[in-house]
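Participant: what follows is a predicted protein model with its sequence.
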Amino acid sequence: MLKPIKIGEKLFDWENGPFFMGILNVTPDSFSDGGQFLHPEKAIKRAIELAEEGADIIDIGGESTRPFAEPVTVEEELKRVIPVIKAIREALPQIPISIDTYKSAVAEAALKAGANMVNDISAGRFDERMFHVVKEFDCPIVIMHMKGKPKNMQIDPVYHNVISEIKEFFEKRIESLTRIGVEQSKIIIDPGIGFGKKLEHNIEILRNIEKFKELGCPILVGHSRKRFLSNFVNRPPEERDGATVGVSLGLILKGVNILRVHRVDLNKDAAILFKNIFGKVRLN
């Protein structure tokens, strides 16, 4: 049984999940909502909407990590995210805020500005100081699996056994965190749908997501509006919320702890209906 943890002022008892992480990209070039919330006022308005939709966590990112994306400087990322974090913390003092970054300097500044956790797509591999920042602030961290970097991750990724290879990756990263004193209960794992994976890899991960429970960490999945969905429904990214909900329901039934989505309301409504009609899901 997973140990409950506090993220900010909110207790996350995993037995009462799933929980929903609302996506807030303050970038000009994210794959589905790039440019929509780059202005701080629009970002704050969207954060309030996400809270009203029922988001348990708001995940703020200042750099697009879509396939083939170019990295941005620390200075630019800070300029995008810090004013937004400060304003959201003032407007929504109770909601947990996650900073989506692989740069330790950004994570540190964000945590000082009011963020409560780190969401690192590199699992600490791109910046070796990241894990020490997490230890210093005693905050939860999401570690994600990715083969390569955003700029090259989708150039013919190859696996012999995608599930076992990702599990081995997580085992090593969890050991690196616990070795420096980070509690395992504060480590959340994300298998990285669409990050260095072909369609067949994504499907294999989703169908076997429960195998990652053996690692003893809460599981987060970010599948919202992603490209692989277009293999089943021929729609542009901004019209893939229905397809996202379809995957969410399967993940909920398999016991995934956190769903990272653009439209919290649609996904949470679907989960509530599952709970009340089929009795399969417990919601906070």
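Facilitator: Okay, I see it. Residues are numbered from 1 along each chain as shown.
Participant: where do the strands sit along this protein?
Facilitator: With strands called from DSSP state E, the chain shows them at 5-7, 10-12, 19-25, 57-61, 97-100, 117-120, 141-144, 187-190, 220-221, 258-261.
Participant: show me which residues of the fifth one are buried.
Facilitator: Pointing back at strand 97-100 there. Buried residues in strand 97-100, counting neighbours by 16 or more other CB atoms under 10 Å, are found at I97, S98, I99, D100. Backbone N, C-alpha and C define where each C-beta goes, glycine included.
Participant: do you know the pLDDT at the residue lying closest to L11 once chain neighbours are set aside?
Facilitator: With CB to CB, 6 or more residues apart in numbering as the criterion, L11 has its nearest non-adjacent residue at 5.9 Å, and that residue is P4. With respect to pLDDT, P4 scores 97.
Participant: so T65 sits against P150, correct?
Facilitator: Yes. Assessed by CB atoms under 8 Å, T65 is found in contact with P150 at 4.6 Å.
Participant: read off the pLDDT value for the residue lying closest to F232 once chain neighbours are set aside.
Facilitator: Nearest residue to F232, sequence neighbours excluded (CB to CB, 6+ apart): A243, at 6.5 Å. Listed pLDDT for A243 reads 97.
Participant: pretty sure A243 contacts N231?
Facilitator: No. At 9.9 Å, A243 and N231 do not qualify as touching, with contact defined as CB under 8 Å.
Participant: which one of these two has more residues nearby?
Facilitator: Just comparing A243 and N231: by other CB atoms under 10 Å the higher neighbour count belongs to A243, 20 against 11.
Participant: show me the contacts for the residue nearest to F232.
Facilitator: Contacts here follow CB atoms under 8 Å, 6 or more residues apart in numbering; on that basis A243 touches R225, L229, F232, V233, R235.
Participant: just the helices in this structure please.
Facilitator: Secondary structure of the chain (DSSP state H): helices at 40-53, 74-91, 104-113, 130-137, 162-179, 199-207, 241-253, 264-278.
Participant: save those helices as CSV, and put in distance to P191 too.
Facilitator: Formatted as CSV, these follow (distance: least, CB to CB, whole Å):
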stretch, distance to P191
helix 40-53, 23
helix 74-91, 25
helix 104-113, 21
helix 130-137, 19
helix 162-179, 5
helix 199-207, 5
helix 241-253, 11
helix 264-278, 18
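Participant: the ones you listed: which one's closest to I188?
Facilitator: In terms of CB to CB, the element of those nearest to I188 is helix 162-179, at 10.6 Å.
Participant: distance between the closest one and the chain's centre?
Facilitator: Centroid separation for helix 162-179 versus its chain: 17 Å, with CA atoms, centre = their mean, to the nearest Å.
Participant: i'd like the first residue to be 38 from this point on
Facilitator: Right, with 38 as the first residue, what we last looked at is helix 199-216.
Participant: what about that helix, average pLDDT?
Facilitator: 98.
Participant: any buried residues in it, and which?
Facilitator: Across helix 199-216, burial judged by 16+ other CB under 10 Å covers V199, I200, I203, K204, F206, F207, R210, I211, S213, L214.
Participant: how about those in CSV, adding distance to K79?
Facilitator: Output for the buried residues of helix 199-216, formatted as CSV (distance: CB to CB, whole Å):
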residue, distance to K79
V199, 38
I200, 40
I203, 36
K204, 40
F206, 36
F207, 36
R210, 35
I211, 37
S213, 38
L214, 35
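Participant: on that earlier part again, show me which of the contacts of A280 are buried.
Facilitator: Among the contacts of A280, those scoring as buried are R262, L266 (criterion: 16+ other CB under 10 Å).
Participant: and the furthest pair within the contacts of A280?
Facilitator: Of all pairs drawn from the contacts of A280, the one with the longest distance (CB to CB) is R262 and F269, at 12.9 Å.
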